[in-house]
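> okay, here's the prediction I keep looking at, along with the sequence it came from:
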Amino acid sequence: MQTFDLTLASRMPKLDERPLEKRVGLIILATDHTTEVDFQRMVASERIGVYTTRIPYANPVTPENLRAMQPSLTSAATLILPDEPLDVVMYSCTSASVVIGDAEVEAAVRAAKPSAAVVTPTAAAVSGLKAFGAKRISVLTPYTIETSKPMADYFLSLGFDIARFTCLGLNDDREMARISPDEIVAFARQATAPDSDALFISCTAVRAASVAAEIEAIIGKPVVTSNLATAWACLRLCGNEAARPELGRLMTLAYSDR
């Protein structure tokens, strides 16, 4: 048998402070097909790492089942790069952010990651709509009327005027992810009231971010989708101010969470 000596290098390697400069943590539903794909396409880069954990969730999509995720938020955030800080944590569920509440989501995440900025789809969407100066909006959701009603109340409570609110009546987020991009475009056209300032397409499961620019070209108004808004917020919070109009007009704007 050949014999040889194992040699220990004369010095330890120099270590970068981080493998990638910025860290975005995603808390996504166990059933989510869309968020990771959208964030790899729009957010991840050689400078920004995207790190995902999944949270227990079971269909159907009802206010009760959405609210049931709240106790798991802190433990889910803890699992993302344990004991290391994150720059941003995004909770990827629009309808749950409404029924749990943006402030409650932020508090639960901050219990695990106190230095991270916390992004929810609802808060990011509101920031996006305000960035466009939109006051009278059209809304398209894949949910049932029961699940959509709290969302309508959410926007009304923040001072928006709803010109048209359209629900597709689905109660399974895996079916919501299977709505084809062509169908999203068709429903978006129908859901847009002529006198509205912008269209919001809700749900992180819906593949609307991939066709936002196409819809804007058709309806002639700004489009904000759940994943487009959260990607925009996460990029800007990581210091990426690059304009990417091919993703939609929102990606040409500065971000403010006020």
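Yep, that arrived. Numbering: from 1, shown residues only.

> hmm, who's touching the worst-scoring helix or strand of the chain on mean pLDDT?
Across the helices and strands of the chain, mean pLDDT, DSSP states H and E gives its lowest value to helix 63-67, namely a mean of 88. Contacts with helix 63-67, where a contact means CB atoms under 8 Å, 6 or more residues apart in numbering, come from Y57, A58, N59, C93, S95, A96, V99, I100, E146, T147, P150. C-beta here means a position set from N, CA and C on the backbone, and glycine is covered the same way.

> who does the next helix or strand after it touch, helix- and strand-wise?
Per DSSP states H and E, the first helix or strand lying C-terminal to helix 63-67 is helix 73-78. Counting contacts by 3 or more CB pairs under 8 Å, 6 or more residues apart in numbering; DSSP states H and E, helix 73-78 is packed against strand 22-29, strand 48-55, helix 102-110.

> state the distance from S97 to I80.
Separation of S97 from I80 (CB to CB, to the nearest Å): 18 Å.

> when these two are compared, which one has more neighbours?
Between S97 and I80, counting by other CB atoms under 10 Å, S97 is the more crowded of the two (26 against 21).

> am I right that the more buried one sits in a helix?
Yes - assigned with DSSP: H, G, I helix; E, B strand; the rest coil, S97 falls within a helix.

> next one, pLDDT for it please.
On the pLDDT scale, S97 is placed at 96.

> same deal with the one 5 residues further on?
The model reports D102 with a pLDDT of 96.

> what's the burial count for it?
19.

> over to the one 5 residues further on?
As a burial measure, the neighbour count of A107 was computed by other CB under 10 Å and equals 13.

> give me the buried positions along stretch 117-135.
117-132, 134 (16 or more other CB atoms under 10 Å).

> what mean pLDDT does that stretch have?
Mean predicted lDDT for stretch 117-135 stands at 98.
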